[in-house]
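Peer 1: Dropping the sequence and predicted coords here.
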Amino acid sequence: MLRLVSSASKPASTGILTKVVPSSCSTLGGRRTIASTSARQADITLTVDGKEVTVPQGSALIQACEAAGATIPRFCYHDRLAIAGNCRMCLVEVERSPKPVASCAMPAMPGAKVFTNTPLVHEAREGVMEFLLANHPLDCPICDQGGECDLQDQSMRYGADRTRFHEITGKRAVEDKDLGPLVKTSMNRCIQCTRCVRFANEVAGVEELGTTGRGNDMQIGMYVEKTMDSELSGNIVDLCPVGALTSKPYAFHARPWELKHTDSIDVMDAVGSNIRVDSRGTTVMRVQPRPNDDVNEEWISDKTRYAYDGLRFQRLTTPLVKQGDRFVAASWEDALTAVANGLAKSGAQGDEIQAVAGHLADTEAMVALKDLINRLGSDNLTLDAVGGHAAPVHAVDVRSNYLFNATVPGVQEADVILLVGSNPRHEAAVLNSRIRKSWLHTPLEIGLIGERIDTAYGYDYLGADAKAVADFVAGKGEFAQKFKAAKKPLIIVGSAVVEHPDGAAVFNALAKYVEQNKSTLLTPEWNGFGVLQRVASRAAAYDIGFVPSKKASTTKPKFIYLLNADEVDPKSIPQDAFVVYQGHHGDLGAQLADVCLPAAAYTEKSTTWVNTEGRTQLGRAAVPPPGASREDWKIIRALSEIVGNPLPYDDVLNLRDRMWEISPSLVRYDVTERTSVETALAGLKTMAVGTAKATVSGKAFTKPINNFYQTDPISRASVTMAQCTRAFVKGENYGFSELSSASEAAYA
Amino acid sequence: MFAARLPKRLPRPLPLLRRSVSSTPCRRSDALFVHRDTPYNNPKIPFEFTAENMKRAQEIISHYPPQYKKAATIPLLDLGQRQNKGWTSISVMNYVAKLLEMPPMRVYEVATFYTMFNREPIGENFVQVCTTTPCMLRGSYDILDTVCSHLGGIKPGDTTKDGKFTVIEVECQGACSNAPMIVVNDDFYEDLTPETTKKVLSAFAKGEKPKPGPQSGRHTSENSAGLTALTYHTQPYGPGEFCQPEFQ
């Protein structure tokens, strides 16, 4: 895959007037300097509507106007996409310019005098709007975009109040495209802003969407019949300024003004994307991204966006107690008593009491559960992962051993990236788009050890197993040399490596490697070693020390408390053990349980989530939990009372005080805290010591996620995700894809 | 009593023509801008350059810097179209994309943008009749009618039943000084009259290739009435003639 980017396609900046992505032109070495306009960071001053404004050189005129507080209507311009300049809606008047200029495609010039509110501008905008509406159907009442449509809003504000459209031939008709089960198309409404095309090509890496034909007949599509197979495809729904691309699962379900917006945090992966949950009554109607430049920019993955319908199905709404081979609904009191009796009857003592923290366990619940289990005299705190019954091979004493230290925005600073046993495309889709962005616009080199995957960028394939890691550490191969020479190298270790038999050896080798190359990999400004977690709860679990002691990890449990644990291997649970499942879905964990305690899903509780970079974020409850289900930590608090060992916190504030005692970072929201070089080095040393005896089996790394769309109980219960699985993973119903996916792989 | 106050409504005659459900007529473009799999045009049909064309392709690619290989899209599509009997099938596009290591969609975009890439099969001889203003003023519609009727009453855009001719109407080909004109395959036939048009077409039908250029006896675009200006000097000026004395 050649990284060809037209010179205009570099996004002007990550946000309005923030400095452009730090350019690493100096490291180019004369290669692939295709898109690099040198980033001169001088500021220029110009006048907009009589107001002086200073912007960085190279800003678009539209950004200068925004900075001056003038609102510029636009359709095709988007901060995070390349500039197209084809909608012409952003026309402004510039002094001594004979015509109005498109402010998005015009660089801001020092000393320019810009007017955004003159009769010329008004007339120009009105004219452009008239042209746009000439072919736009008048179907607002049946259009899902109605109420949040840029075209609707802007035609009210800038359009003419009457029509001159008397075209005998009628409006243009374009056939709808089938982009799969997520994006519904209504191509008659398309105004050819090409935002979706630019997003697909630049950000998502789906270089299959484009424009065919020309002039009046131009249309957006794939030319051949196929679906848009991307884990970020839902974002084109948000980008579409009209109703041409709308959400298929949400179609005709609600109007935007009926919805209650709740800012929250996503838990489908460990990125912690900022989301806005739109709910009506007690139902989550949709999930939208919330811009946060430090985490998800403006994008979210399709699982984040569309798995919400899983919140309606397969829910546990009432406590269940197993009688014989049937679950019987019970009251909370009975269920909790059943748990206490089960604990007593199982005769579990000390480490025989096991707690398993699953993928969707929130931090509060894990803290409460850990406190409870510890109070019961057990240290058997395990994680719902392969090998989760033992302490992870990287020790958890130092945060930098298991966090993604480079931080999500930091990925763009890296000049060489080594992926070890990780497929960021499926484990952290939004992060993957950052790597792709960097790969497109800088001479970033990427190496991959592990199973071959279709990332959205090209990579050097170094091998499939721990031997490749050893070779890399030994400096064998061209990539290893490049890595050594790099200024900001980055090692991304997949969370699956921890679960792999060779994980210890890999961590050992890499810890030593980082120590040896600390001049580049570990500096006060840069920590180039990071584990990319793929599970929302994992970083928090490590933070609070939700790991078993050595003795506990070999103890056979008699009482098992599954907290949102739905990936457990049924064989790992002893036949005679008493199993409690606390969670929100009747998935695998609930099947294994003797008592099910219905809890709240992430949209129903205000809890803390720590993402893979150690950023603590607070989710908020959008809707009440269904039926008798309760917030997780409250269930554990109530249970502690019944087992006769009450936890010392009665409300969430006290619980958060307890979290502060454990780790202050758990209550410092929205920031990442950098581990100091000394501490990080000490952490690496413990890691190296702890894994010193590791041997290499040579088993190849495999990707942990084979079906991106179904990874947790919510997405497994989701109808939309099931459709995605059918369409994209199994490739049913959509016959055309085999040719193109093969050819795509060839360029990867 | 209220009924009396109501205005008397006369039953109105129904409009003669009822409006159908959709009043928007289907607006037909010359070509479809999406691909449909057909037995003769689908990605499973193999296409590869012949050895000779491959050499030419490599030569074309070598004109551009390696990272701008995609600049060769148009010439390679043309080469492919020539090899593929005058039309660019989906296989040709895919092949070009593969050769230039670019996403197939980028090639589809180019191929659909330019009207000279035929994305449907054409006859052996591709007749393009210019009907832009200068040709139209010189009677190009007569030429178009002649072509169509001579080829058995087909319409522009159609191919004759024997597969020998495809006729389309095109915009200016840049031979306005010799209007009206048609393009058959790669050659211009200019200064046409219905008679000469028929002659040209008949020759092609027989498998011959008539001499391209003006069919009226002109050599190029010189004045058909002979010289009308600069006629008094039979000889060209000699050096210094008619000049100021000092320059003589």
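Peer 2: Everything's here; your move. Residues are numbered from 1 along each chain as shown, chains lettered A, B, ... in the order given.
Peer 1: for chain A, what are the nearby residues on chain B?
Peer 2: Within chain B, the positions adjacent to chain A are B:23-27, B:29, B:31, B:33-37, B:43-44, B:67-70, B:90, B:94, B:97-98, B:101-106, B:108-109, B:112-113 by Cβ under 8 Å from any Cβ of the partner chain. In short, each C-beta sits where N, CA and C put it, glycine included.
Peer 1: where in chain B is pLDDT low?
Peer 2: Applying pLDDT under 70 to chain B flags the ranges B:1-30, B:232-234.
Peer 1: Spell out the residue ranges of the strands in it.
Peer 2: Listed in chain order, the strands of chain B (DSSP state E) span B:125-130, B:165-170, B:182-184, B:187-190, B:213-214.
Peer 1: Using CSV, please lay out these together with mean neighbour count and distance to A:Phe327.
Peer 2: Below are the strands of chain B laid out as CSV (neighbours: other Cβ atoms under 10 Å in any protein chain shown; distance: least, Cβ to Cβ, whole Å):
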stretch, mean neighbour count, distance to A:Phe327
strand B:125-130, 24, 74
strand B:165-170, 21, 72
strand B:182-184, 22, 79
strand B:187-190, 21, 84
strand B:213-214, 20, 91
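Peer 1: does A:Ser715 really touch A:Asp309, like I thought?
Peer 2: No: between A:Ser715 and A:Asp309 there is no contact under Cβ atoms under 8 Å: 9.8 Å.
Peer 1: which of the two has more neighbours?
Peer 2: A:Ser715 (25 against 22; other Cβ atoms under 10 Å in any protein chain shown).
Peer 1: Next, the contact list for that one, please.
Peer 2: Neighbour list for A:Ser715: A:268, A:303, A:307, A:310, A:709, A:721 [criterion: Cβ atoms under 8 Å, 6 or more residues apart in numbering or on different chains].
Peer 1: So for the third one, what pLDDT did the model give?
Peer 2: The one in question is A:Ala307. Note on A:Ala307: pLDDT of 95.
Peer 1: what's the answer for the fourth one, then?
Peer 2: A:Gly310 is assigned 95 on the pLDDT scale.
Peer 1: Can you name the residues of the stretch 151-300 of chain A that neighbour chain B?
Peer 2: So the stretch 151-300 of chain A meets chain B at A:169-173, A:175, A:177, A:207-214, A:217-219, A:221-225 (Cβ under 8 Å from any Cβ).
Peer 1: Just the residues you listed: which are in strands?
Peer 2: Per DSSP E, these map to strands at A:210-212, A:219, A:221.
Peer 1: With distance to A:Phe75, neighbour count and pLDDT added, can I get those in a markdown table?
Peer 2: Converted to a markdown table, these look like this (distance: Cβ to Cβ, whole Å; neighbours: other Cβ atoms under 10 Å in any protein chain shown; pLDDT from 0 to 100):
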| residue | distance to A:Phe75 | neighbour count | pLDDT |
| --- | --- | --- | --- |
| A:Gly210 | 18 | 24 | 94 |
| A:Thr211 | 15 | 20 | 94 |
| A:Thr212 | 20 | 23 | 93 |
| A:Gln219 | 16 | 21 | 92 |
| A:Gly221 | 19 | 29 | 92 |
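Peer 1: Max pairwise distance over those: which two?
Peer 2: Largest separation among those by Cβ to Cβ: A:Gly210 and A:Gln219, giving 9.9 Å.
Peer 1: Now do the domain split for chain B, please.
Peer 2: B:51-113, B:125-214 (automatic domain parsing).
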